[in-house]
Structures are given as C-alpha cells and as structure tokens.
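Enquirer: Sequence and computational prediction follow.
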Amino acid sequence: MAAVADREGPWQTVLLGTPEAARDVGSGFLQPMARPGADPFAWAQRTVEIVLRWPGATPRQAVVDLEPYAGLARQAAAVFLNGKPVGRVVLGPGRRRYLVDLPGETQWSAGGENRLRFEFEAGSEVAAYGRPLAAAFYALAVGPSGSGVADLGAEGALAPVSVSLSEGAPGLLQAGPSALRFAVRLPGRAELRFTPAAPPGAVTAAGVRITLDSGEGEREIWKGGTGGTQEVALPLVGSVGTLARIGLHVDAPSGRAAWALWRAPRLMGDRPATAVPPAEPLPKDDGRVSRLRQALASANVLVLVLDAASAKHFGCYGYSRRTTPEIDRIAAEGVVFEEAFTPAVYTLAAMASLWTSQHPDKHQNLDPRRPTYRLARLGLPDVLSANGIHTAGFVANSMAGPAFGFDRGFAEFKEVYAEQGRRAAAFRELLPGWLEANRGRRFFAYVHYREPHFPYDPEPPFDTLFGPDGPIPPELRRDRNWFGAVDNRRIRVSPEEVAHAERLYDGNLAYVDREVGFLRRTLEEKGLWNRTVLIVTSDHGEAFWEHEHIGHSVQLYEPILRIPLILRFPSGQGPSGVRVRGLVDLLDLAPTITDVFGLLGKGDSDRAFEGHTLLPMVLGGPGRPALLSRTVPHASFHSLRDERYKLIYGARPGQDELYDLQQDPQEKRNLAELEPIRAALYRQALHRAILDLTRETAASADGAKLTRKQLENLRALGYVQ
C-alpha cells in the first residue's frame, strides 16, 4: 500500500486522505476517503489550506493532483502562499496534475510553516455533507525549481504516487528520483516478487533498484530497468521474524522526473508478514460457551460507566488507596479484564464506539460541533429494542446525552444531569423505582455516572478522605480554565497541587463507588442481583501529570487509555473470581451484550460490529492481537498497541513515540529513534489500519445546533469555555 510507505525524494509529497496528511492539512478539508483499489483522497470545500515545512526561502514549484467535484462543469481556484497570490489553476475534467510556481519572496525566509491556500470559485451543495464541495485532493508535491517537480505537472503527466490495476494485477506507480520504504517482519522463506515496467505515457526512462535494511544499514540487493516483462523473484535473506525495511527506488536523469510501474509487488513467505502477531484462533467450543449462553438465557444486563475512571485508581487493579471497596467486592465475584482500553480518550467518540462496536475513525462521531452518531448504521440499543428487550439509559454527563444523539434506540432515556443533578447520589431518586417497575421483564439498562470526572469537587467526607484539603482552593478545583492554563504552561503547578488534585479525584471515585454499593443493595432487595449480568467500566481514564498533563482528550498514555472492565455474572451462571489477560476494548461490549441476549448476528450486527464477544474469553479464549486508539480531532494522535509495544503517532513531525510496555510500563523511554525499523513497522501498520477504517465510510454531517441549556451542561463539565 503506497500510502503507508516512508517516502524520500527531492520533493515533499503530501498524500491527502492518509493519516500522515493530518500533519499537513489546515482548514477546509473533510474526512479522508479511501475506495477499494484506489488512491485515498480528501474532499475540499471552497477554501482549503495545506501546511508545508521547508528550511528556507528559495524558488519552488508545487504540483497539485486534483479532480473537480462531479457536476461542476468548470472549476478554478486562486492560489495563495502565506497570504500572497501565487497563481490560478483551471481544472479540466477528471483527475489531473497542475503546476504552481512558489516564488522565494512569498516564503518565510526563516523556514518553518508555510501555508498554501486554495480558494475555489464554485462549490456543489451535497446533502450527505451539508457543505459545498469543490474538488477531491489526492496529492501535493513541492520541490525546488529544477528538481524535476515541474515534470509532475506537465500536460498528461502521471501521478507522483498511485495504485492501479495493470493487466489485471495491482500495480504501484512511482515517480522518481524517489524511494518508497516498507517496514516488514520477515516470514520464513521470504521472497519479494514484482515485475518492473514502464507505465503507459512515460517518456523518460527510469532505473529501478531494491534495497534491504535489516538493522545494519541499507544495502542494494537488486538493480534493473523498466523494460522487462519477466517477474523478478528476489529472496530476502534474514531470520524468521527479523524486522527489515524494503526500499523501492526509482532513479531519473538529473533535474528530471521519471516513472516506474511495479506490477504486482508482494512479499511471499510461509506466513503473513504482519506488523503485530495475528489473532489467535478461537479454541473449539467444548460446550462451555454454549452452556454459559444457555445459563444466561433469561438474564438482564446492567452497564455502569464511571466517567473518566482510570483503572490504575481501582483497588482491584492494584491501587494502594481504598477508593473502590464496593467495586472490588464485585470484582472478586466476577471477571476482571486486566488489559482493557478505550478506543478514544474522550466521551463523545468512546461512547459511540461502545454502542456501535466501531472504531471512531469508522463511525466518525469525533467532533461535538458535528456529531454523527444519529447517522450510525447500527447501535446496540437499536438491536436490543428491535428484538423486544426493554432498554433504558440514565446519564449524568451531557456529552453522553440526547444533544449528541445518544438517546437513539432507547425506549427510555433520562437526562439525570438536567432533572436531578449531576452527582451520583441523584440516581437514588430514579433507579429503585425503575427497577421495581421493570423487575418482571427482561431489560437492558445503562447508568452513566459523572464521577470521577472533573470537576474535582467531592462532597465531605470524600474531599479529605485521602489527605488534607489543600493547597488548591475550592474555586480553582472546579475551574477548567485554571487546569487548562496548567496544561498550557501558563501557570506553573507544584507537586503538592498535583497530589491534591489526584486526592480529590480519588475522593470522587470513592464517592461514586459508594453509590455503586447502593445500587447493588437495591438490586439484591428487588431480587434482581442474581438475574442480572453487571458490567462496570469507563469511557476513558485520567492523567495526573505522569506526562505533564492533567485530564484527558489529548494524550494516549496508559493512565488515560487503560480502563476498568469487570463482568459479574449471576451466581452459579458464569465464572467468578477470575482475572483475564489479553487485549480488549469498548468495541467488545456491544457484541458481548448481544451475545448474552442471544441476538449476536441478528440485525446485521455480526457484520457491523468490529469487536468480539467476550464470553469465549472469560472461559480461556484469546484477546485481540492489537488495539487502535485516538485523541480529539484538533489534536489528532493515534496509538497502536499489541501485548508488548505501543506506538503513538503524533499530529506533528518528530513526535512519534515507541514504548516497550513490558520493560517500561511507565512509558518513560521513547525507543522511536533507537529502533527506527520497529517504529516504522508499527507506524505503517497504524496507517494501514486507519485507511482500512475510512474505506467507503459514510460522510460526516453537520450536527444540530446546541441549545443554551445544553451548552451550559457542557461548560459545567469543562468541555466548552
């Protein structure tokens, strides 16, 4: 997949629609799109901006790879660099390349970020997007004048990097001089196969080479031309599992560009050359999973979400403070998942993932200004309600409420924060009566507590349960602006203040734990405790300066990613006192719950859900081989983890982080520069995963305008200023 390769050449190439392009796109682009067997792209609105970085001012040229939106008979765009006009492009029909000169005087002489802006003259209103689209952006190549970049923009020129079908086989088109490097884990009997060819329309002859780097430096292992028709079968020497980087090089005459077509390039071997270990097959059902399903045939399901609850703060996960005695008691009777994580470190995207069993980059419910959950193809409440299960939701966090579509599919949905208040004790006014009224029928209920989420304001005695009430005064512990200033280094925070904030958070957690105990006793009194599967979890965790940040949303370290996940089955109907290792995340809850209700696979859920039911896992089955997580869109970071390594891919160059979680669980030693091939392997796997998620994804839509009351609710939790 060309879009995930590391690229090197005399010009900077930005492939729009790829995860890497998130570092370069400014305003005006909609979500990336990728169609099977075609190049990714990003839809452009009337005005778009791309950020480019180079060391100093010199005459440069840019080639933009564009296709006007269908239905626009004639389209043109004025082009500006750093606010100065540099040209105008008139788009012809179909996908083409266009050359724009970038004079040195329009560039920042000190280097840094240069902003290239396109202002289109027309846009087409598209109902699915609700915004005017002007063109599809595929790629942008920028290089010094005389570097051959002008050839990329000549009449009839081919794309700088592209994938296509060539004689019925996939082909990789590459403009040179350049190199594309792919990181791989060598299989046994590794062999690279390809046919080097000259693409139709190519004028200048290109030379092609293959290099291999197994950690001891790059060496050339094959060289040839593009005129042949014979397939090359090139053995790759190295031990099984060796990390290596394969380089595809296209050479061209000095100052010119030339193209090569790699027909059907593929790595052969005795096993898939995956970055992370492949998923283990489920063990053959010896009857235990079937018996568990039968035992749960009449059970209810109750999901408790403790907002922003980090697993590291729970006693059952090894915390030293007595924050969660009630939940620890439930954990001792149930199944504790020791490696549970969130796919998104903020409520909006995480809860959409819980309900849809899709990663945020798939469901695209990312931005509170444009929520898309209402457009989701299928959600857990929809499946349950359509099959006669009574569904009810009770939420104390407005970010999980109707303003963002989360009441969809529920027969009953209570905005506790608006009617009874945000504190966990407010649920006492609703839940006992509701449980009494519904004890005679099978139900699914969801309770979303605000605590231990900010504001860190537990009521007495929880405000001093774990230490003195200071040094943070009451007005600041509830002030999101103060914590924001701390994160932005405008205010210097002391270790004592960090410790106090964490004590207050722990007080919040102990307070909501008391309410979980109250709910347990209520279930016992109503005769529902041993008729109900209880799931205790969180949408994300919380950081307390482990990596110089307090809160969540913008980091992907363990305190924010790792969440509690506890399943408690009715007595005698499932495992108890069990701790399970293996990777799981919130995507696995919807399949698990539908499995409990005997509905997994109905309503298209087996195809729509990306997660897996946990019922086989509680009886010894494997976890997931790898997990993907992300931050909020305006600080777009992604992480990919397996059982040992985690890569954090940053929104800006030079911010990639690779950690060995077995040797360095605190994530203090970044290995990205020390192990560049491993870092490239995980980075390319992460990019491939995101591209797969965005293929044929639905268009994001503008969200409904929030009411004043809804905005006040969000402001109280620190989501908006």
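Expert: Sure, I can see it.
Enquirer: Give me the below-cutoff pLDDT ranges for the stretch 51-200 of the chain.
Expert: 71, 73, 125-130, 166-167 (pLDDT under 70).
Enquirer: Look at Arg441 and say how many residues are nearby.
Expert: For Arg441, the count of nearby residues is 10 (other C-beta atoms under 10 Å). In short, each C-beta sits where N, CA and C put it, glycine included.
Enquirer: Need the nearest residue in space to Ser571, chain neighbours excluded.
Expert: Spatial nearest neighbour of Ser571, excluding adjacent residues (C-beta to C-beta, 6 or more residues apart in numbering): Asn530 at 5.0 Å.
Enquirer: How is that neighbour assigned, secondary-structure-wise?
Expert: State at Asn530, reduced to three classes by DSSP: H, G, I helix; E, B strand; the rest coil: helix.
Enquirer: I'd assumed Pro570 was in contact with it.
Expert: Yes: under the criterion of C-beta atoms under 8 Å, Asn530 makes contact with Pro570 at 4.3 Å.
Enquirer: which of the two has more neighbours?
Expert: Pro570 (19 against 13).
Enquirer: wait, what's in contact with the more buried one?
Expert: 295-296, 299, 529-533 (C-beta atoms under 8 Å, 6 or more residues apart in numbering).
Enquirer: If I look at the nearest residue to Phe637 once chain neighbours are set aside, what pLDDT would I see?
Expert: Spatial nearest neighbour of Phe637, excluding adjacent residues (C-beta to C-beta, 6+ apart): Thr631 at 4.5 Å. For Thr631, the pLDDT comes out at 94.
Enquirer: Going along the chain, name the strands of the stretch 401-550 of the chain.
Expert: Secondary structure of the stretch 401-550 of the chain (DSSP state E, counting those that start in this stretch): strands located at 412-415, 443-449, 532-537, 543-544, 550-551.
Enquirer: For Leu81, find the nearest of the ones you listed.
Expert: strand 550-551 (37.0 Å; C-beta to C-beta).
Enquirer: Parallel or antiparallel, which strands does that closest one pair with?
Expert: strand 543-544 (antiparallel) (DSSP bridges).
Enquirer: Quick one: residues in contact with the partner strand.
Expert: Strand 543-544 is contacted by residues 310, 498, 501-502, 505, 549-552, 555, 557, 559-560 when judged by C-beta under 8 Å, 6+ apart.
Enquirer: export those residues to a markdown table and tack on pLDDT?
Expert: Listed next are these as a markdown table, based on pLDDT from 0 to 100:
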| residue | pLDDT |
| --- | --- |
| Ser310 | 98 |
| Val498 | 96 |
| Ala501 | 97 |
| Glu502 | 98 |
| Tyr505 | 98 |
| His549 | 93 |
| Ile550 | 94 |
| Gly551 | 94 |
| His552 | 94 |
| Gln555 | 94 |
| Tyr557 | 97 |
| Pro559 | 98 |
| Ile560 | 98 |
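Enquirer: just to confirm, which helix or strand has Leu599 in it?
Expert: If you go by DSSP states H and E, Leu599 is not part of any helix or strand.
Enquirer: mind listing what it touches?
Expert: 383-384, 387, 389, 605.
Enquirer: that older thread, ok, of the contacts of Pro570, which one's closest to Leu661?
Expert: Val533 (30.4 Å).
Enquirer: How many residues are close by the residue nearest to Phe637?
Expert: 25.
Enquirer: Surely it touches Val554?
Expert: Yes: Thr631 lies in contact with Val554 (C-beta under 8 Å); the separation is 5.3 Å.
Enquirer: and the protein, what are its domains?
Expert: By the assignment in automatic domain parsing, the chain contains the domains 2-157, 164-268, 289-716.
Enquirer: could those go into TSV alongside distance to Thr274?
Expert: TSV is the format used below for those (distance: least, C-beta to C-beta, whole Å):
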stretch	distance to Thr274
domain 2-157	13
domain 164-268	7
domain 289-716	8
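Enquirer: Least reliable of the ones you listed by average pLDDT, please.
Expert: Across these, the lowest-scoring stretch is domain 2-157, with a mean of 87.
Enquirer: That one: how far from the chain's middle?
Expert: Mean C-alpha position of domain 2-157 versus that of the full chain (C-alpha atoms, centre = their mean, to the nearest Å) differs by 25 Å.
Enquirer: and whichever helix in the chain runs longest, what does it pack onto?
Expert: Using DSSP state H to define each element, the chain has its longest helix at helix 495-525. For helix 495-525, the packing partners by 3 or more C-beta pairs under 8 Å, 6 or more residues apart in numbering; DSSP states H and E come out as strand 300-306, helix 325-333, helix 431-438, strand 443-449, helix 474-477, strand 543-544.
Enquirer: Of those, which is nearest Ala376?
Expert: The nearest among those, by C-beta to C-beta, is strand 443-449 at 16.1 Å.
Enquirer: right, and the helix or strand after the strand or helix carrying Met351?
Expert: Using DSSP H and E, Met351 maps to helix 347-356. Using DSSP H and E, the helix or strand that follows helix 347-356 towards the C-terminus is helix 360-363.
Enquirer: So which residue is dead centre in the protein?
Expert: Arg630 (3.6 Å; C-alpha atoms, centre = their mean).
Enquirer: circling back: so the longest helix of the chain versus strand 532-537, what angle?
Expert: Angle of helix 495-525 versus strand 532-537, following axes from the mean of the first three to the mean of the last three C-alpha atoms, to 10 degrees, is 170 degrees.
Enquirer: Check which residues of helix 495-525 are buried.
Expert: Within helix 495-525, the residues that qualify as buried are 497-520, 522-523, counting by 16 or more other C-beta atoms under 10 Å.
Enquirer: what does stretch 478-492 give?
Expert: In stretch 478-492, counting by 16+ other C-beta under 10 Å, buried: 478-480, 482-483, 486-487.
Enquirer: Kindly tell me how buried Pro471 is, as a neighbour count.
Expert: 11.
Enquirer: can you tell me which residues contact it?
Expert: Contacts of Pro471 (C-beta under 8 Å, 6+ apart): 494, 496-497, 500.
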